[in-house]
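Novice: only geometry, no sequence info:
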């Protein structure tokens with residue numbers, strides 16, 4: 001590889017460029033030799049098989065209760081199908097504490113299903129077979145064609161808060177009710193109710209989020225009151241298993257409406273009383289392991305990695321017609337960097353014993369021409385694209401959405417722009433699904449520039465155990481492995497950013513990988529329940545579980561704390577919500593997130609600008625002089641009891657600093 005690279009470079013005789021070439025060659029040589037940075041070490045897992053489990057077996061809901069025999073040591077259990085409301089037989093329960101493998105057999109009317117999966121911190125992920133002819137345990141693992149996920153209520157529900165319920169009120173309003181500890185409440189708890197859609201109008205029925213008074217909550221019995229200037233509602237409900245049901249009464253009327261619901265956001269950090277640093281760190285460590293388990297097969301390290309320099313020492317893409325609202329002042333920041341095109345080839349361990357699994361990703365690396373000042377090292381950026389984008393487009397100064405890779409490279413960052421894309425259509429479904437989750441983006445996001453479809457991570461004979469966002473995050477983590485091996489990089493000053501889908505991946509990897517010093521998600525701060533019914537591109541949804549059953553956006557922000565976080569959004573963004581300015585769920589999500597920062601809330605900023613679904617820096621704006629500087633909301637929480645107007649207050653004030661000023665301040 002390096003001899004080919006040397007041939008490509010040896011003809012240019014300009015001294016400054018030759019210096020840059022030699023530096024880049026050395027960077028690539030050293031990086032290709034160094035080992036992958038290992039994953040974060042996990043604390044011992046004390047969860048086991050005993051307890052009440054709520055399983056999702058290809059969208060069939062099962063309640064599994066496992067008990068351990070006091071004398072025999074054998075396990076016994078019961079199984080119920082929530083859909084059919086009938087008990088079923090089960091037997092052959094085995095648990096291997098070393099491998100954390102749980103197995104059992106389900107006996108139905110004319111079928112036998114063997115389930116096998118692993119348990120991480122009370123989360124079960126695995127597969128099951130379905131045999132209508134034989135009760136025997138399958139001899140081949142390929143018989144386990146179907147997916148099952150679930151959670152152990154006995155392990156996870158050791159305190160009555162935080163709790164989140166997905167509600168359907170009066171068969172019309174879809175809502176999320178959040179409950180958490182409150183020091184200033186007579187009951188000890190507070191609540192927030194967000195109607196995110198209606199059955200008839202979808203996300204057009206989205207409402208603002210109400211603070212509600214919780215007058216009783218003991219983990220089973222719930223009473224709460226919701227107020228406005230014109231009405232008062234009182235609700236009472238009772239929990240049964242993972243479900244809840246109750247009634248709502250409107251004061252001064254005889255109107256009584258039923259509501260039902262089920263558990264959601266099981267891993268939620270909550271929004272109530274601040275946790276101490278140690279308690280927060282324990283939650284973060286546990287939640288990362290649970291999400292690795294659910295999303296990305298426990299985040300395995302590659303067995304091998306080969307970095308190929310496809311092309312080296314490329315000149316930057318010269319601008320021809322810059323986007324009119326590009327506000328990073330490119331005229332005063334020349335393109336003093338060179339670019340290399342890279343391909344990463346990995347092999348991953350095969351969990352089913354076959355040959356290793358292959359994975360390939362594609363990127364562009366931009367490095368400054370000049371050496372770092374004063375013998376220091378460069379800050380670095382991991383950049384990820386959104387829908388229709390690519391690594392190359394992030395380095396294109398004329399691109400209307402993804403010019404931010406070029407902007408950071410102009411400012412002296414080493415930039416690794418990584419392609420993220422979509423699976424082939426055949427990989428967008430599970431065996432039980434008649435149709436793929438989505439059918440657009442058939443060729444990927446930017447196939448002409450190297451960002452075609454990304455085949456899923458799967459063993460021969462199986463569909464994927466990974467969620468699609470888990471694969472994107474794994475690619476980004478492995479790109480970060482490589483970036484951190486570069487000798488001119490200051491590993492304590494690595495930032496991640498991306499727009500739209502890239503903002504979503506930025507949000508997730510920023511929370512899941514502690515090596516990142518700072519996260520800047522752009523045009524993504526959405527409430528996932530609003531997204532679901534707003535008919536957003538569904539590639540964020542999980543195939544083998546419901547992401548909203550486990551987490552929401554605010555929980556990834558809580559995983560990022562206390563590291564700096566700048567969430568950049570427009571005052572309106574029809575991509576996520578039809579509400580008038582500002583895009584209210586941005587403020588709601590940020591309000592839920594700040595509690596995780598404790599006394600370090602200055603480390604989280606909401607950059608609220610004028611321009612919907614675009615990236616901004618807040619420097620020199622050719623069309624909007626009034627938008628100079630990073631701007632934050634004047635009002636970020638209720639100004640009084642039951643106040644709502646803070647959510648629609650679009651007033652902002654400037655910080656007298658650009659985005660790059662803020663980055664420099666946080667990473668000093």
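Specialist: All right, it came through fine. Note that the coordinates shown come from a computational prediction; the quantities given were computed from them, not determined experimentally.
Novice: Residue 218 and residue 163 touch, don't they?
Specialist: No. The criterion here is C-beta atoms under 8 Å, and residue 218 misses it with residue 163 at 11.2 Å. (Each C-beta comes from the backbone N, C-alpha and C, glycine too.)
Novice: Between those two, which is the more surrounded one?
Specialist: Ranked by neighbour count (other C-beta atoms under 10 Å), residue 218 and residue 163 place residue 163 first, with 24 against 11.
Novice: Model confidence for the nearest residue to that one once chain neighbours are set aside, exactly?
Specialist: Nearest residue to residue 163 in three dimensions, chain neighbours excluded: residue 179, at 4.5 Å (C-beta to C-beta, 6 or more residues apart in numbering). Per-residue confidence (pLDDT) for residue 179: 98.
Novice: secondary structure element for residue 179?
Specialist: Residue 179 belongs to strand 173-181 when assigned by DSSP states H and E.
Novice: What's the first helix or strand after that strand?
Specialist: Following strand 173-181 in sequence, per DSSP H and E, is strand 189-198.
Novice: average pLDDT across the next helix or strand after that next one?
Specialist: Using DSSP H and E, the helix or strand that follows strand 189-198 in sequence is strand 209-217. For strand 209-217, the mean per-residue pLDDT is 97.
Novice: now stretch 527-542
Specialist: 92.
Novice: contacting residues around it?
Specialist: Here stretch 527-542 makes contact (C-beta atoms under 8 Å, 6 or more residues apart in numbering) with 166, 174, 176, 194, 196-197, 202-203, 206, 294-295, 387, 422, 437-438, 440-441, 467-469, 501, 504, 526, 547-548, 552-553, 575-578, 585, 588-589.
Novice: go again using 7 Å as the cut-off
Specialist: 174, 176, 196-197, 202-203, 206, 387, 422, 437-438, 467-469, 504, 547-548, 552-553, 576-577, 585, 588-589 (C-beta atoms under 7 Å, 6 or more residues apart in numbering).
Novice: any idea whether the residue nearest in space to the middle of the chain is helix, strand or coil?
Specialist: Residue closest to the mean C-alpha point of the chain, counted by C-alpha atoms, centre = their mean, is residue 508 at 3.3 Å. For residue 508, the assignment made with DSSP: H, G, I helix; E, B strand; the rest coil gives helix.
Novice: quick one: it and residue 296, what's the gap?
Specialist: 10 Å (C-beta to C-beta, to the nearest Å).
Novice: list residues touching both of these two?
Specialist: Common neighbours of residue 508 and residue 296 (criterion: C-beta under 7 Å, 6+ apart): residue 473.
Novice: How confident was the prediction at the closest residue to residue 303 other than its chain neighbours?
Specialist: Of all residues beyond its chain neighbours, the one nearest residue 303 is residue 347 (4.6 Å), with distances taken as C-beta to C-beta, 6+ apart. For residue 347, the pLDDT comes out at 98.
Novice: Touching, residue 298 and residue 292? I think so.
Specialist: Yes. Taking contacts as C-beta atoms under 7 Å, residue 298 lies within contact range of residue 292: 5.2 Å.
Novice: Have a look at the two and say which one is more surrounded.
Specialist: The neighbour count for residue 298 versus residue 292, taken as other C-beta under 10 Å, is higher for residue 292 (22 against 16).
Novice: beta partners for residue 521?
Specialist: Beta-bridge pairing of residue 521 under DSSP bridges involves residue 498.
Novice: Read off the pLDDT value for it.
Specialist: Residue 521 is assigned a predicted lDDT (pLDDT) of 98.
Novice: Please name the residues that touch it.
Specialist: Neighbour list for residue 521: 498, 503, 506-507, 567 [criterion: C-beta under 7 Å, 6+ apart].
Novice: Distance of it relative to residue 383?
Specialist: 12 Å.
Novice: same check, this time on residue 649
Specialist: Separation of residue 649 from residue 383 (C-beta to C-beta) stands at 32 Å.
Novice: Neighbour count for the two, which is higher?
Specialist: More neighbours surround residue 383 than the other of residue 649 and residue 383, with 33 against 17 (other C-beta under 10 Å).
Novice: Just checking: what are the partner strands of the host helix or strand of that one?
Specialist: Assigned by DSSP H and E, residue 383 falls within strand 378-384. Strand pairing for strand 378-384, determined by DSSP bridges: strand 414-418 (parallel), strand 489-499 (parallel).
Novice: out of those, nearest to residue 613?
Specialist: Closest approach to residue 613 among those (C-beta to C-beta): strand 489-499, 7.7 Å.
Novice: need the contact list for residue 327.
Specialist: Contacts for residue 327 (C-beta under 7 Å, 6+ apart) come out as 616-621.
Novice: List the beta-bridge partners for residue 368.
Specialist: Under DSSP bridges, the residues paired with residue 368 across the bridge are residue 337.
Novice: quick one: low-confidence parts of the stretch 151-300 of the chain?
Specialist: Along the stretch 151-300 of the chain, no part satisfies pLDDT under 70.
Novice: quick one on the thing from earlier: find the residues that touch each one of residue 521 and residue 383.
Specialist: Counting by C-beta under 7 Å, 6+ apart, the shared contacts of residue 521 and residue 383 are residue 498.
Novice: Between the two ends of stretch 68-88, how far is it?
Specialist: 19 Å (C-alpha to C-alpha, to the nearest Å).
Novice: Quick one: mean pLDDT for that stretch?
Specialist: 83.
Novice: Can you mark which positions in it are buried?
Specialist: 75, 77, 79-82, 88 (16 or more other C-beta atoms under 10 Å).
Novice: Quick check: the two most widely separated of those?
Specialist: Checked with C-beta to C-beta, the buried residues of stretch 68-88 reach their widest spread between 75 and 82, with 21.8 Å between them.
Novice: quick one on the thing from earlier: can I get the strands paired with strand 378-384 in CSV including mean neighbour count?
Specialist: CSV is the format used below for the strands paired with strand 378-384 (neighbours: other C-beta atoms under 10 Å):
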stretch, mean neighbour count
strand 414-418, 30
strand 489-499, 23
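Novice: Now do the nearest residue to residue 621 once chain neighbours are set aside against residue 161, distance only.
Specialist: Computed as C-beta to C-beta, 6+ apart, the closest residue to residue 621 that is not its neighbour in sequence is residue 327, at 3.8 Å. From residue 327 across to residue 161, the span is 43 Å (C-beta to C-beta).
Novice: Check residue 104 too.
Specialist: Taking C-beta to C-beta, one finds residue 104 at 31 Å from residue 161.
Novice: Report the beta-bridge partners for residue 80.
Specialist: Applying DSSP bridges, one finds that residue 80 bridges with residue 63, residue 87.
Novice: Please apply the same query to residue 119.
Specialist: residue 124.
Novice: again, but for residue 128
Specialist: Under DSSP bridges, the beta-bridge partners of residue 128 are residue 115, residue 146.
Novice: With distance to residue 331 and mean pLDDT added, can I get the strands paired with strand 378-384 in CSV?
Specialist: Shown next, in CSV, are these (distance: least, C-beta to C-beta, whole Å; pLDDT from 0 to 100):
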stretch, distance to residue 331, mean pLDDT
strand 414-418, 20, 98
strand 489-499, 22, 97
